[in-house]
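Asks: fold the following for me, if possible:
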Amino acid sequence: MSVVPHLRVLTQNMFMRPPLIKNNKSDWKDLRLDHFIEHILPKYDIVCLQEMFEYASSRRARLFAAAEKLGYKYYVASERRFLWHMAIDGGLVILSKLPIVHMETITYQRGMGPDWLAQKGVLYAKVDVGGGSHTHVFTTHTQASYGEVVVTQPDVKRRLAQLYEFHGFMEQVLPKYRAKGEPVILTGDFNVDSRNHQLSDPEHVSYEREVEDGINTSEEGMAMMAVLSGHGIDPKVLGPDNQDTFKSKVVFDLHDTLKERLGYHPVTFGNTVVDEHGVVHPRETILTTTQDNKVMHSIDYVLWYNPDADQHSKGIVASMEDVGVVPNFTPGMPFTQISDHYGVSADIRFARKEKE
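Replies: Numbers count the residues shown, from 1 in each chain. The predicted structure follows:
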């Protein structure tokens with residue numbers, strides 16, 4: 001088949017935890033999944049999901065059956081886990097309307113705290129977009145932090161160590177399966193907040209604003225990009241006794257598409273609204289824990305890698321045409337949005353290189 005003209009991609013933390021787990025009165029899991037299948041899934045060609053757990057639930061199977069009817073004939077997912085594994089699955093899913101011709105997965109070193117239970121990791125899918133070209137899709141979910149985050153705390157180091165494993169996985173996979181000019185996207189809930197939460201005009205505005213106060217990148221956000229790209233970090237970033245640099249032999253020229261396109265780090269978790277009196281309120285309270293209300297974190301990403309875009313053997317040039325946050329609000333439902341996280345969507349354009 002000829003190359004597709006464009007590819008619409010969504011990454012979304014679904015907040016579909018195993019049964020009986022909830023934050024507040026109800027997580028509305030079944031109703032949210034129904035709404036997602038009916039109103040959101042039809043819009044995309046590739047969908048990357050996190051926290052779509054299979055453990056002790058039929059929801060993932062129900063999603064796969066519904067997705068197939070919508071044209072998603074291909075999928076990869078985290079491996080099932082049972083009681084004797086002393087763990088639940090990683091909750092990762094990639095759905096595709098285009099053929100997945102190869103897949104691989106890794107499981108990270110075990111997480112800390114509540115994350116010890118979930119076998120988090122990375123999924124990889126090589127997607128045939130036609131015309132002799134492919135798109136390489138990764139999705140991940142890393143170690144979470146609970147409460148205030150300080151870059152020297154142990155869960156931050158564990159998260160960066162997992163991202164170092166992610167880089168190593170890319171080093172193994174891409175030389176084998178990627179041809180020059182084929183785009184690579186890294187998607188998911190990285191749990192790294194790239195906002196530094198410093199007010200740019202505290203004398204006049206006493207609360208954090210999404211755009212004006214989201215321009216500068218946090219220390220951990222910079223560390224994330226340095227580790228994933230392979231440059232590594234100054235070990236003292238994680239404390240005076242730390243010796244890990246997470247530096248790699250291979251360097252990938254990764255791009256934070258949201259920051260580059262928007263000029264700031266958009267909120268994807270714990271957003272706020274400000275009323276006419278200047279009082280700040282949490283944007284979502286039904287699914288989000290009280291301690292996470294109003295945190296204004298930017299933790300969901302689509303990263304881009306295609307340094308040799310003009311060197312495809314078939315003359316196909318792939319470019320990131322658009323990227324943005326999709327809140328996926330749900331008017332008229334007993335919950336206000338599809339998840340406690342916003343999604344991120346991206347449009348990839350494919351075109352034949354004009355002959356000179």
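Asks: surely A161 touches G111?
Replies: No. Between A161 and G111 there is no contact under Cβ atoms under 8 Å: 10.4 Å. In this view, the C-beta of every residue, glycine as well, is placed from N, C-alpha and C.
Asks: hang on, L123 packs against S78?
Replies: Yes. Contact criterion Cβ under 8 Å: L123 and S78 qualify, at 7.0 Å.
Asks: mutual contacts of these two, please.
Replies: 92-93, 105 (Cβ atoms under 8 Å, 6 or more residues apart in numbering).
Asks: nearest to K29, of those residues?
Replies: For the shared contacts of L123 and S78, the residue nearest K29 by Cβ to Cβ is V93; the value is 15.0 Å.
Asks: which ones are touching L123?
Replies: With Cβ under 8 Å, 6+ apart, L123 has these contacts: 48, 76-78, 92-94, 103, 105, 138-140.
Asks: pretty sure R195 contacts E220?
Replies: No. Applying Cβ under 8 Å, one finds R195 not in contact with E220, separated by 10.1 Å.
Asks: now E203: which helix or strand?
Replies: Assessed by DSSP states H and E, E203 sits outside every helix and strand.
Asks: give me the neighbour count for it.
Replies: Residues contacting E203 under the criterion other Cβ atoms under 10 Å number 6.
Asks: go on, G343?
Replies: That count, for G343 with other Cβ under 10 Å as the rule, works out to 25.
Asks: between A161 and G111, which one's more packed in?
Replies: Neighbour count, other Cβ under 10 Å: between A161 and G111, G111 has more, with 21 against 17.
Asks: ok, now which ones touch that one?
Replies: Per Cβ under 8 Å, 6+ apart, neighbours of G111: 117-118, 120, 143-144, 158, 162.
Asks: if we go to 10 Å?
Replies: 87, 117-120, 141-144, 155, 158-159, 162 (Cβ atoms under 10 Å, 6 or more residues apart in numbering).
Asks: same question, A309
Replies: Contacts for A309 (Cβ under 10 Å, 6+ apart) come out as 180-183, 316-320, 353.
Asks: F190: which of those residues is nearest?
Replies: Taking the contacts of A309 together and measuring to F190 by Cβ to Cβ, the closest member is M320, at 18.0 Å.
Asks: just to revisit the earlier point, now, of the contacts of A309, which are buried?
Replies: Neighbour counting by 16 or more other Cβ atoms under 10 Å classes 181-183, 316-318, 320 among the contacts of A309 as buried.
Asks: just send those back as CSV, with distance to P18 and pLDDT too.
Replies: Shown next, in CSV, are the buried ones among the contacts of A309 (distance: Cβ to Cβ, whole Å; pLDDT from 0 to 100):
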residue, distance to P18, pLDDT
G181, 41, 97
E182, 36, 98
P183, 34, 98
I316, 42, 95
V317, 44, 96
A318, 38, 97
M320, 35, 97
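Asks: keep only those of the residues you listed that are in helices.
Replies: In this view, the buried ones among the contacts of A309 have no member that belongs to helices under DSSP state H.
Asks: quick check: of those, which lies closest to I299?
Replies: M320 (20.1 Å).
Asks: what pairs with the closest one across the strands?
Replies: I348 (DSSP bridges).
Asks: surely it meets H255?
Replies: Yes. M320 lies in contact with H255 (Cβ atoms under 10 Å); the separation is 7.9 Å.
Asks: sorry, back to before: and the buried ones among the contacts of A309, which of them are in strands?
Replies: 316-318, 320 (DSSP state E).
Asks: including distance to N271, could these go into JSON lines?
Replies: Output for these, formatted as JSON lines (distance: Cβ to Cβ, whole Å):
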{"residue": "I316", "distance to N271": "38"}
{"residue": "V317", "distance to N271": "36"}
{"residue": "A318", "distance to N271": "31"}
{"residue": "M320", "distance to N271": "24"}
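Asks: so which residues of the chain form helices?
Replies: According to DSSP H, the chain carries its helices in the segments 29-35, 59-69, 154-177, 219-229, 257-262.
Asks: and the ones you listed, which is most packed in?
Replies: Of all the helices of the chain, helix 219-229 has the most neighbours on average by mean count of other Cβ atoms under 10 Å, namely a mean of 22.
Asks: could you list the alpha-carbon positions for that one in PDB?
Replies: The C-alpha trace of helix 219-229 is given here as PDB (Å, rounded to 0.1, in the frame of the first residue of the first chain):
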ATOM      1  CA  GLU A 219      15.700  20.300  37.400                       C
ATOM      2  CA  GLU A 220      14.200  16.800  37.000                       C
ATOM      3  CA  GLY A 221      12.700  17.700  33.600                       C
ATOM      4  CA  MET A 222      16.200  18.600  32.400                       C
ATOM      5  CA  ALA A 223      17.600  15.400  33.900                       C
ATOM      6  CA  MET A 224      14.900  13.300  32.200                       C
ATOM      7  CA  MET A 225      15.800  14.600  28.700                       C
ATOM      8  CA  ALA A 226      19.500  14.200  29.500                       C
ATOM      9  CA  VAL A 227      19.100  10.600  30.600                       C
ATOM     10  CA  LEU A 228      16.800   9.500  27.800                       C
ATOM     11  CA  SER A 229      18.900  11.200  25.200                       C
END
